[in-house]
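**Q** Below is the sequence, then the predicted model.
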Amino acid sequence: MTRRDADLHVHTTHSDGLCSPCEVVIAAASVGLAALAITDHDDVSALAVARPEAERLGVELVPGVEITCEFEGREVHLLGYYFRERPPLLAALERLRTDRVDRLAAMAARLEALGMSVDPAAVRRCFPRATLGRRHLAEFLHKTKQAASVREVFDRYLADGKPADVPKTRLDAFEALTLVRDAGGAVSWPHPPYDLRRKSLRTLAEAGLAGIEVAGPGVGNRVGRRFRDWAAELDLVPTAGSDFHAPDRPGRRVGAFRCPSADLDRLRERASAASPD
């Protein structure tokens, strides 16, 4: 099989995915991908686990991470690629993960105060492979028949601004850009908001953004064409990825959205140009 293209947006059990690092590498190989980026949320631990399997199957494992950020007053995520695991970047990611654990405990306590029964140990048993987050609390309440649906839990308790919600810690987008670039990597903007303004994209491009995701489950065709035009205008690399989390989600399997090898080469070159070594 001749391998080509890359899926640059894949999650594993090391964040909120349902498949192990080795399982997503095997999936990439089975659909003929030349490269795969594991981009767990604020976590790079899956890379060491996946690397031997990627080498065995002849799939390039692109070092990746999806960083929780804030830009212009809203939550955005940025994808770092081809970085080295240097202490400043790793420390920032660890801080985000630690704050996520504290946030989950605080939300569980608020739900308890509102009359729900939320035992953190029971939530963990219900989702033994997951990095727990707000949605897992909602699913737990639904599974234990304390709510009619996950949507009801969010609407009444856990959506932004609701009684049990606790704001998420976010890294300033410019700090994230600097950390990844200082670690020799390149940064792309995944699933950009549909109402993204060219001015906002230019601001991050001038700060060192290397790419923008133009194809993926959260990017419609018309919006994707607009982003592709802006990428050409601002000299950004157009990237693509499935945002894979679980094999039972139609249209989001590994390899469902692919970045051509030529664009991956451009992204790799941007990372090399950013490298301080």
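**A** It's in.

**Q** quick one: the longest helix anywhere in the chain to chain centroid distance?
**A** Across the chain, the longest stretch assigned as helix under DSSP state H is helix 87-113. Mean-position distance between helix 87-113 and its chain equals 16 Å (Cα atoms, centre = their mean, to the nearest Å).

**Q** List the buried residues for it?
**A** 89, 92-93, 96-97, 99-100, 103-104, 107-108, 110-111 (16 or more other Cβ atoms under 10 Å). Where you see a C-beta, it was placed from the backbone N, CA and C, and this is true even at glycine.

**Q** Burial check on the closest residue to residue 50 other than its chain neighbours, number of neighbours?
**A** Leaving aside its chain neighbours, residue 50 sits nearest to residue 21 (3.7 Å; criterion: Cβ to Cβ, 6 or more residues apart in numbering). Residue 21 is flanked by 25 other residues according to other Cβ atoms under 10 Å.

**Q** Tell me the pLDDT of residue 21.
**A** Residue 21 carries a pLDDT value of 97.

**Q** picking that back up, between the buried residues of helix 87-113, which is nearest residue 194?
**A** residue 96 (25.4 Å; Cβ to Cβ).

**Q** if I pick the closest one, what's in contact with it?
**A** Residues in contact with residue 96, defined by Cβ atoms under 8 Å, 6 or more residues apart in numbering, are 42, 67, 68, 169, 171.

**Q** Now do the same contact list for the residue nearest to it when sequence neighbours are not counted.
**A** Distance criterion Cβ to Cβ, 6+ apart; nearest residue to residue 96, sequence neighbours excluded, is residue 42 at 4.1 Å. Residue 42 makes contacts with 15, 65, 66, 67, 68, 93, 96, 97, 100, as judged by Cβ under 8 Å, 6+ apart.

**Q** ok, the first one to residue 215 distance?
**A** When you say that, I think you mean residue 15. Residue 15 sits 22 Å away from residue 215, going by Cβ to Cβ, to the nearest Å.

**Q** Can you give me the separation between the residue nearest to residue 96 and residue 207?
**A** 20 Å.

**Q** My guess is residue 270 contacts residue 237. True?
**A** Yes. Judged on Cβ atoms under 8 Å, residue 270 makes contact with residue 237 at a distance of 6.4 Å.

**Q** Quick check: neighbours shared by these two?
**A** Shared contacts of residue 270 and residue 237, defined by Cβ under 8 Å, 6+ apart, comprise 186, 210, 211.

**Q** All good on my end, thank you.
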